[in-house]
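> heads up, no residue letters with this:
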Ligand SMILES: Nc1ncnc2c1ncn2[C@@H]1O[C@H](COP(=O)(O)OP(=O)(O)OP(=O)(O)O)[C@@H](O)[C@H]1O
């Protein structure tokens with residue numbers, strides 16, 4: 001048999017589909033935001049900034065004061081030059097020189113202090129805004145339904161909460177305050193210069209439009225390429241993450257060279273883009289510097305002639321040159337301001353898209369807590385279709401009732417809809433047809449938190465937090481006594497194992513802690529759920545990695561616990577649910593057989609066929625071989 005040559009078949013490489021597939025991600029960074037949404041976002045962020053009126057007011061007032069001081073400097077300097085010139089050939093007026101020097105010093109100290117106050121107040125507004133938004137995002141993500149998380153990359157959500165938040169945080173200081181600063185500086189400065197000498201004023205300001213244009217183009221280009229670079233780096237880190245997670249598969253299939261080639265391609269793309277960005281920055285910065293010195297040369301040329309002809313004084317020329325020097329840096333940074341608006345509009349639009357998303361699964365208006373009386377669970381003609389699945393239902397027409405103390409087994413082929421059905425009971429998703437009631441109360445009419453307390457689920461995927469075993473078990477009841485935690489672990493057949501660990505219940509597990517086997521994780525997951533006192537307890541294929549002997553011991557330990565509640569067991573292994581009071585056989589989202597183990601065997605249908613296959617697999621295979629002959 002020939003081994004596939006990974007490197008020579010890029011079109012069939014596993015990454016070909018994702019690279020070529022249309023990107024329908026909800027929070028894509030390079031996706032264009034429509035103008036109306038962008039402007040709406042800007043208006044909304046601006047309004048939010050004024051939730052902190054005192055700090056915003058200080059920032060604006062300090063900006064005005066700093067500009068006044070900054071503009072005073074060239075005027076004072078020009079005056080100083082003229083006075084000094086007037087002293088040429090005579091005794092120096094030391095007192096006047098000291099006054100000039102102190103005035104200059106005072107103006108620059110005040111400018112510094114006002115700038116400090118402006119920066120402090122503006123940053124403080126940004127950080128307060130960011131904190132409010134960060135909490136709002138976290139709260140929203142906690143409340144958004146499972147269907148939202150099915151459609152959204154968690155990496156994208158983290159990006160919204162980090163990068164987009166940063167774009168909005170910077171808005172007040174980099175966009176709003178800078179707009180005021182530049183408007184005053186250029187506006188008042190231009191008026192001062194033009195009112196002194198129109199031609200010289202125009203020459204001094206001639207570099208402003210060019211520098212402002214290049215600076216804006218440069219910043220917007222840098223921003224666009226930065227977004228593309230982020231996407232490319234995202235692909236790169238995704239490839240690296242996938243490779244690290246699947247390192248055993250890569251090695252087992254000797255696919256290192258193929259993976260290296262893929263990584264190298266993405267890495268080269270990112271490098272080329274970085275070079276382009278350097279190019280854009282260097283070219284534009286040089287062009288702006290050139291424009292500034294060209295304008296200065298012109299001012300010196302014409303101004304020098306005017307000084308020689310006595311039209312203006314040397315001090316006036318000095319005022320013009322100093323003003324140009326002061327203006328240079330803010331004008332070159334004008335692009336940053338334009339960029340800040342662009343960034344806030346896209347980042348804000350994405351952020352508000354998340355914050356404004358409807359929380360489909362929430363408390364109905366005036367909802368009361370669920371009241372448990374008999375602990376009866378009832379499903380009435382329940383159906384459900386996943387978001388985007390159109391008419392295709394994952395489950396339909398499901399009806400059954402279970403009373404306190406009863407155990408219901410649910411079995412069926414992969415993809416039959418077992419997990420989907422289980423996820424409807426704690427309202428991870430809302431049924432699209434029919435109703436689910438607990439003690440006669442529709443679970444959509446009572447508070448969500450009371451439903452989640454009444455329905456506990458041990459999920460297929462036993463996620464552990466990076467903390468101690470004790471904290472993982474007590475997740476639902478953090479202030480529980482040690483005795484209760486150990487009792488749950490004991491029922492889940494985990495206690496003896498934990499006692500053998502170096503720090504026993506204080507041993508840290510999870511990604512950065514002790515690695516647990518699949519079965520141990522599942523047992524920890526069961527122990528965690530047993531800390532709750534639910535009316536309905538669901539095991540969703542949560543003993544698949546546990547050996548039959550241990551599972552039997554868990555079941556025996558849970559006998560008393562199960563007496564006070566409805567227990568639903570989803571499993572592929574018949575031995576896990578043969579003992580149930582009733583068994584439902586699901587196929588294509590419908591219940592096709594139901595009854596006790598004995599009744600279903602007697603029926604001679606799908607359950608019986610599965611039983612035969614699991615109990616006597618060799619006989620079945622031999623039968624099939626015989627049939628084939
Ligand atoms: N989050 C989801 N979004 C869209 N479709 C889904 C989602 N989860 C499951 N499905 C689809 O719904 C159907 C039922 O899946 P479900 O996981 O409920 O089956 P199952 O019987 O639990 O399977 P298994 O025994 O393999 O766990 C399948 O066709 C599956 O592809």
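Nice, thanks for sending it over. In this text the structure is predicted, and so the values were computed from the model without any measurement.
> how about the residue of the stretch 1-150 of the chain found nearest the ligand, what does it touch?
Residue nearest to the ligand within the stretch 1-150 of the chain (Cβ to the nearest ligand atom): residue 150, separated by 4.1 Å. Backbone N, C-alpha and C define where each C-beta goes, glycine included. Each residue near residue 150 by Cβ atoms under 8 Å, 6 or more residues apart in numbering is listed here: 386-387.
> host element of it?
Applying DSSP states H and E as the criterion places residue 150 in helix 146-151.
> give me the mean pLDDT for the longest helix seen in the chain.
Determined from DSSP state H, the single longest helix within the chain is helix 256-308. Mean pLDDT, taken over the full extent of helix 256-308, equals 85.
> for stretch 311-320, same thing?
Across stretch 311-320, pLDDT averages out at 89.
> residues near residue 169, how many?
Using other Cβ atoms under 10 Å, residue 169 is surrounded by 23 other residues.
> okay, now the nearest residue to it once chain neighbours are set aside: neighbour count?
Take residue 169 and drop its neighbours on the chain: the residue closest to it by Cβ to Cβ, 6 or more residues apart in numbering is residue 130, 4.0 Å away. Neighbour count of residue 130, defined by other Cβ under 10 Å: 15.
> which strand or helix spans residue 130?
With DSSP H and E as criterion, residue 130 is part of helix 94-143.
> let me see the mean pLDDT of that helix.
Helix 94-143 comes out at a mean pLDDT of 90.
> check the offset of the helix or strand that comes right after the longest helix of the chain from the chain's centre.
Scanning forward in sequence from helix 256-308 by DSSP H and E, the next helix or strand is helix 314-332. Chain-centre distance of helix 314-332: 45 Å, with Cα atoms, centre = their mean, to the nearest Å.
> give me the helices and strands touching helix 314-332, please.
helix 53-86, helix 178-196, helix 198-205, helix 207-245, helix 256-308 (3 or more Cβ pairs under 8 Å, 6 or more residues apart in numbering; DSSP states H and E).
> who's in contact with the third one?
Contacts of helix 198-205 with the rest of the structure, by Cβ under 8 Å, 6+ apart, involve 190, 193-195, 295, 298-299, 302-303, 306, 312, 320, 323-324.
> tell me which other helices or strands the helix or strand where residue 379 lies touches.
Using DSSP H and E, residue 379 sits within strand 377-384. Here strand 377-384 touches strand 395-402, helix 418-424, strand 433-438, going by 3+ Cβ pairs under 8 Å, 6+ apart.
> contacts for stretch 491-503, please.
Counting by Cβ under 8 Å, 6+ apart, 468-469, 486, 489, 504-505, 507, 514, 520, 523-524, 526-527, 530, 550, 553-554, 557-558, 561 sit against stretch 491-503.
> go again using 7 Å as the cut-off
With Cβ atoms under 7 Å, 6 or more residues apart in numbering as the contact definition, stretch 491-503 has outside contacts at 469, 486, 489, 504-505, 507, 514, 520, 523-524, 526-527, 530, 550, 553-554, 557-558, 561.
> low-confidence stretches in this protein?
Low-confidence segments of the chain (pLDDT under 70): 1-33, 510-514, 617-629.
> what does it put close to the ligand?
150, 386, 394, 412, 414-420, 541 (Cβ under 6 Å from any ligand atom).
> reformat those as a markdown table; add distance to residue 581.
Converted to a markdown table, the residues of the chain next to the ligand look like this (distance: Cβ to Cβ, whole Å):
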| residue | distance to residue 581 |
| --- | --- |
| 150 | 33 |
| 386 | 30 |
| 394 | 26 |
| 412 | 18 |
| 414 | 25 |
| 415 | 26 |
| 416 | 21 |
| 417 | 21 |
| 418 | 18 |
| 419 | 21 |
| 420 | 23 |
| 541 | 19 |
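> tell me which two of those sit farthest apart.
Greatest spacing in the residues of the chain next to the ligand, by Cβ to Cβ: 150 and 412 (21.5 Å).
> returning to what we had before: just the helices and strands packed on strand 377-384: most buried one?
Mean neighbour count (mean count of other Cβ atoms under 10 Å) peaks for helix 418-424 among the helices and strands packed on strand 377-384, with a mean of 22.
> distance from it to the middle of the chain?
27 Å.
> settle this for me: residue 527 is touching residue 473, isn't it.
Yes - counting by Cβ atoms under 7 Å, residue 527 does reach residue 473; the two are 4.9 Å apart.
> where do the contact lists of the two overlap?
With Cβ under 7 Å, 6+ apart as the test, residue 527 and residue 473 both reach 488-489.
> now the longest helix of the chain against helix 207-245, angle please.
170 degrees (axes from the mean of the first three to the mean of the last three Cα atoms, to 10 degrees).
> for residue 343, give me its contacts.
Contacts of residue 343 by Cβ under 7 Å, 6+ apart are 167, 223.
> distance of it from residue 436?
Applying Cβ to Cβ, to the nearest Å, the value for residue 343 to residue 436 is 46 Å.
> go on, residue 323?
For residue 323 relative to residue 436 (Cβ to Cβ), the value is 75 Å.
> over to residue 550?
Taking Cβ to Cβ, one finds residue 550 at 32 Å from residue 436.
> cool, and residue 57?
With Cβ to Cβ as the criterion, residue 57 and residue 436 are 54 Å apart.
> likewise residue 118?
58 Å.
> quick one on the thing from earlier: beyond the helix holding residue 150, next helix or strand please.
Per DSSP H and E, the helix or strand that comes after helix 146-151 is helix 154-159.
> contacting residues around stretch 306-314?
By Cβ under 7 Å, 6+ apart, stretch 306-314 touches 81-82, 85, 197, 200, 303, 317.
> narrow these to just the buried residues.
Among the contacts of stretch 306-314, those classed as buried by 16 or more other Cβ atoms under 10 Å are 81, 197, 200, 303, 317.
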